[in-house]
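Undergrad: quick one, fold the following:
(one chain, ligands or ions: 1)
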Amino acid sequence: MRREYYCPHCRKLLNPGTLVVFIVEHDQERELVLLAPELGDYSIIYPASFTFELGTLYTFRCPLCRADLSSNLDQRLVDILSLTDDGSPVRVSFSRVFGERATFVFAANGVDEYGEHAERFDALNFFGEAPDRDGD
Ligand SMILES: [Zn+2]
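TA: Here you go, the predicted model:
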């Protein structure tokens, strides 16, 4: 099934074709970068003039409204929207660090993880507040 992704700011479609389009910035460099839409597929297409460095944090922007898509939950993540089968929006977050393979889908019943480095984010509290606990 084709998965569609949207900018959480302007709500425009980020993958009108096969791939998901972003502006990616680092220092003075800025290029269009295409990512695979399949969760857990970390294929990436970018201009030969752009040099990605492993372990470096990149800024992802919407190609339409140019909003910075960095997550406010964790600065290492990018947040975008996708739609569930019933049409309700779900947050999809992935690492902004080149070479770090970690993607999270925030469904109503929990977080689905993709990528071999997702466990690096285990300490995160994805829902922004502490769960209720019995005892202390
Ligand atoms: Zn946008």
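
Undergrad: state the distance from the closest residue to Ser43 other than its chain neighbours to Thr103.
TA: Among residues not flanking Ser43 along the chain, Ala36 sits closest, at 4.3 Å (CB to CB, 6 or more residues apart in numbering). No exception for glycine: its C-beta is placed from N, CA and C like everyone else's. Counting by CB to CB, to the nearest Å, the separation of Ala36 from Thr103 is 11 Å.

Undergrad: more neighbours, these two?
TA: Between Ala36 and Thr103, counting by other CB atoms under 10 Å, Thr103 is the more crowded of the two (20 against 15).

Undergrad: one step back: isn't the residue nearest to Ser43 up against Val20?
TA: Yes: taking CB atoms under 8 Å as the definition, Ala36 is a contact partner of Val20 at 7.4 Å.

Undergrad: residues of this structure that sit close to the ion?
TA: 7, 9-10, 62, 64-65 (CB under 5 Å from the ion).

Undergrad: and the two most separated of the residues you listed?
TA: His9 and Leu64 (9.0 Å; CB to CB).

Undergrad: could you check the pLDDT of the closest residue to Thr56 other than its chain neighbours?
TA: Excluding its sequence neighbours, the residue lying closest to Thr56 (CB to CB, 6+ apart) is Phe98, at 5.5 Å. On the pLDDT scale, Phe98 is placed at 96.

Undergrad: so who does Phe98 touch?
TA: 52-56, 58 (CB atoms under 8 Å, 6 or more residues apart in numbering).

Undergrad: mind doing that once more with 6 Å?
TA: Listed by CB atoms under 6 Å, 6 or more residues apart in numbering, the contact partners of Phe98 are 52, 54, 56.
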